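Participant: Attaching a predicted model along with its sequence, questions to come.
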Amino acid sequence: MPDSRPMPSIGPRCHELRVEDGGIAWRVFYRLDDDAVVILDVLEKKTGKTPTLVIERCRLRARRYDRDSQEPR
C-alpha cells in the first residue's frame, strides 16, 4: 500500500499519510492547499478502518480553517 492515499471522504485535496515507527502505525490526515499543508489530525491507528469520528473531526477542522483563513486580519 502506498505511504499516502487520497481521503475524499474528508474532502477535496485531503490525504492520509501512513507512518510506521517502532511497531506503531501512525496516521496523519492532511489537506494540500495552494499556500499550506493543513494538518487535520494525527493518531495511532489500531483498526483497519478509519473511525467515523476521526473523519468528522477532520471535516470540521478543514471547515474551521477555511472560515478562519477568510477573515480579515
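Facilitator: The structure has been received and is ready for your questions. Predicted, not measured: the structure shown is a model, and the values here were computed from it.

Participant: what are the bridge partners for the spatially most central residue of the chain, then?
Facilitator: The residue lying closest to the centre of the chain (C-alpha atoms, centre = their mean) is residue 29, at 1.9 Å. Beta bridges link residue 29 to residue 16, residue 41, judged by DSSP bridges.

Participant: From residue 37, how far off is it?
Facilitator: Separation of residue 29 from residue 37 (C-beta to C-beta, to the nearest Å): 11 Å. Where C-beta positions appear, they are placed from N, C-alpha and C, glycine not excepted.

Participant: Run through the residues that contact residue 17.
Facilitator: 3-4, 27-30 (C-beta atoms under 8 Å, 6 or more residues apart in numbering).

Participant: Help me confirm that the residue nearest to the centre of the chain comes into contact with residue 19.
Facilitator: No - the criterion here is C-beta atoms under 8 Å, and residue 29 misses it with residue 19 at 11.8 Å.

Participant: re earlier: closest to residue 56 among the contacts of residue 17?
Facilitator: residue 29 (11.6 Å; C-beta to C-beta).

Participant: of the contacts of residue 17, buried ones?
Facilitator: Listed as buried from the contacts of residue 17 are 27-30; burial here means 16 or more other C-beta atoms under 10 Å.

Participant: what about the helices in the protein?
Facilitator: Here the chain has its helices, by DSSP state H, at 52-70.

Participant: low pLDDT regions in it?
Facilitator: For the chain, residues meeting the criterion pLDDT under 70 lie at 1-2, 73.
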